[in-house]
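Undergrad: how would this look folded up:
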Amino acid sequence: MMRMVRQPMKSALWLLFVSGAISTGWVHAQQRAFEVLPPTQVLDVRTVGSQQIQALIGTVHMVQPSPTGNVTIWCDSALRNLQTNVVQLFGHVRIIRDSINLTSTEGLYFGDEQRAELPKGVRLTRGRMVLTADRGKYWANEKRAEFYGSVHVVDSTSSTLSDSLTYFENEEKSIGVGNVSIFSPENNLTVFGDSVIHFDKRKYSVVPKRPKLMQVDTTSAGVVDTLVVTGSFMEAFQDTSSYFIARGRVEMARTDFAARCGDAVYYLKGDRVILRNKPVVWHAENQVTGDSIVVHTNERRLDHVFVYGHAFAVSRVDSIHRWRFNQLSARDITMHFMNGKIDGIDADRTATSLYYLFDGLEPNGVNRSSGDRILMEFIAGKIDRIKIVGGVEGKYFPERMIMNHEHEYNLDGFRWIPDRPKRKQLGLVYESYN
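TA: Presented below is the predicted three-dimensional model:
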């Protein structure tokens, strides 16, 4: 009885082994197999050493079946090594897999790995995206492609250049490395960096090292102006809001203003910049600091600057009296601009001003005033009138008291930051705009 039980078990194991071997061999054969389809002409099969080479000519059309999607190959002629399953492709090479379409003048296709190498110029298209490069590789099973040399990607919203790029088809993600530049024609804006990671589905990009944003624009008056923004890290959101976030030591400069902060958000469609983390804004001889600052522009010209929390505005009196600064502090400050010049300042809640006086050209002391609210009106960029509302207090300090002691009369929180960012220092590409 023991023999009768063992024999069927042995047979079953043997059948299972044979079945598995046949199944594995069939799958392997399927992966290696190529279907040569019309109008391909099989010229001959040559023996070179121990290798058999199949020559194909005419409009060569081949398909490699795969469980994850067929690979279709077109070219003018081909040489297929029947032992290694490597195919040399010549003339009008086209490799198609799902929505990916690769073209080149020649290439190699490794059938066992389902890998293509295109060494002499490559073009990839997928939907509205077009990529060109000096050379490239494509892994059909992994749905991954690598491109090298003058890589140029054009889609519906931007144009990207880099030294190399890896594209992940399933994730719709690409990583560009080396001399990266991303140009948006709609906004005449270019972002530069060492590398970029782009997620197409999310319409989101990251420039993780040494990013620089440059936007060349023309004002309503026909004046060409350029905004430059640098930081340690930059993100771009190209959805309906269309905005950039810069982090680290963020610096920006334009003709009419400059800024520095730890974090900045730039809304392209809203003409708005939000500055956080120790922000500083400069305009002409004016400097503003606060907990956060929002800069609004109108037709690319300064319109309003809102300073929230520990707001402090400073302006140098003139170039002769270099240690004298008109000062204004409050909880919040709003600055109004007209035709590129400051038109008014509204300091709200616990407002205090320090304003230097002159008798003609001669200095004549300083006024210190405080109130619930201080309003300043300007003419041609110069203070014309100061109005104080609620809880008014004021004190005058004569010239003999303040001469050479100006720093003793500065308001609490005063600081003058002389190293204003300049476009040339930030590496403006077009020097003529600086």
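Undergrad: How far away from the center of its chain is the strand or helix carrying residue 56?
TA: Following DSSP states H and E, one finds residue 56 within strand 51-64. Mean-position distance between strand 51-64 and its chain equals 44 Å (CA atoms, centre = their mean, to the nearest Å).
Undergrad: which other helices and strands contact it?
TA: Under the contact criterion of 3 or more CB pairs under 8 Å, 6 or more residues apart in numbering; DSSP states H and E, strand 51-64 touches strand 35-37, strand 41-48, strand 71-81. The C-beta positions use only the backbone N, C-alpha and C, and glycine is treated the same way.
Undergrad: of all these, which lies closest to residue 372?
TA: strand 71-81 (75.5 Å; CB to CB).
Undergrad: Quick one: mean pLDDT over the closest one.
TA: In this model, strand 71-81 has an average pLDDT of 95.
Undergrad: CA atoms of that strand as PDB?
TA: Output of strand 71-81 as PDB, limited to C-alpha atoms (Å, rounded to 0.1, in the frame of the first residue of the first chain):
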ATOM      1  CA  VAL A  71       6.000  47.200 -28.600                       C
ATOM      2  CA  THR A  72       5.700  48.100 -32.300                       C
ATOM      3  CA  ILE A  73       8.800  48.900 -34.300                       C
ATOM      4  CA  TRP A  74       9.100  50.500 -37.800                       C
ATOM      5  CA  CYS A  75      12.200  51.300 -39.800                       C
ATOM      6  CA  ASP A  76      13.700  51.100 -43.300                       C
ATOM      7  CA  SER A  77      15.900  48.100 -42.600                       C
ATOM      8  CA  ALA A  78      17.000  45.900 -39.700                       C
ATOM      9  CA  LEU A  79      19.500  43.200 -38.700                       C
ATOM     10  CA  ARG A  80      18.200  40.800 -36.000                       C
ATOM     11  CA  ASN A  81      20.500  38.500 -34.100                       C
END
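Undergrad: related to what we said a few turns ago, what does the strand holding residue 56 contact?
TA: 31, 33-47, 70-84, 87, 89, 111, 114 (CB atoms under 8 Å, 6 or more residues apart in numbering).
Undergrad: Comparing the helices and strands packed on strand 51-64, which comes out most buried?
TA: strand 71-81 (a mean of 20; mean count of other CB atoms under 10 Å).
Undergrad: Can you pull out the residues in contact with that one?
TA: 34, 51-64, 86-97, 109, 114, 140.
Undergrad: okay, the angle between it and strand 41-48?
TA: Inter-element angle recorded for strand 71-81 and strand 41-48: 40 degrees (by axes from the mean of the first three to the mean of the last three CA atoms, to 10 degrees).
Undergrad: Which parts of this structure are helices?
TA: 2-32, 399-402 (DSSP state H).
Undergrad: least reliable of these going by mean pLDDT?
TA: Among the helices of the chain, helix 2-32 carries the lowest mean pLDDT (a mean of 35).
Undergrad: How is the protein partitioned into domains?
TA: 155-275, 279-425 (automatic domain parsing).
Undergrad: Pull the contacting residues for residue 381.
TA: By CB under 8 Å, 6+ apart, the neighbours of residue 381 are 284, 341-342.
Undergrad: Residues in a beta bridge with residue 166, which ones?
TA: residue 146, residue 175 (DSSP bridges).
Undergrad: pLDDT wise, what is it at?
TA: 97.
Undergrad: are any of the contacts of strand 71-81 buried, and which?
TA: Buried by 16 or more other CB atoms under 10 Å: 34, 53-54, 56-57, 60-62, 64, 86-90, 93-97, 109, 114, 140, out of the contacts of strand 71-81.
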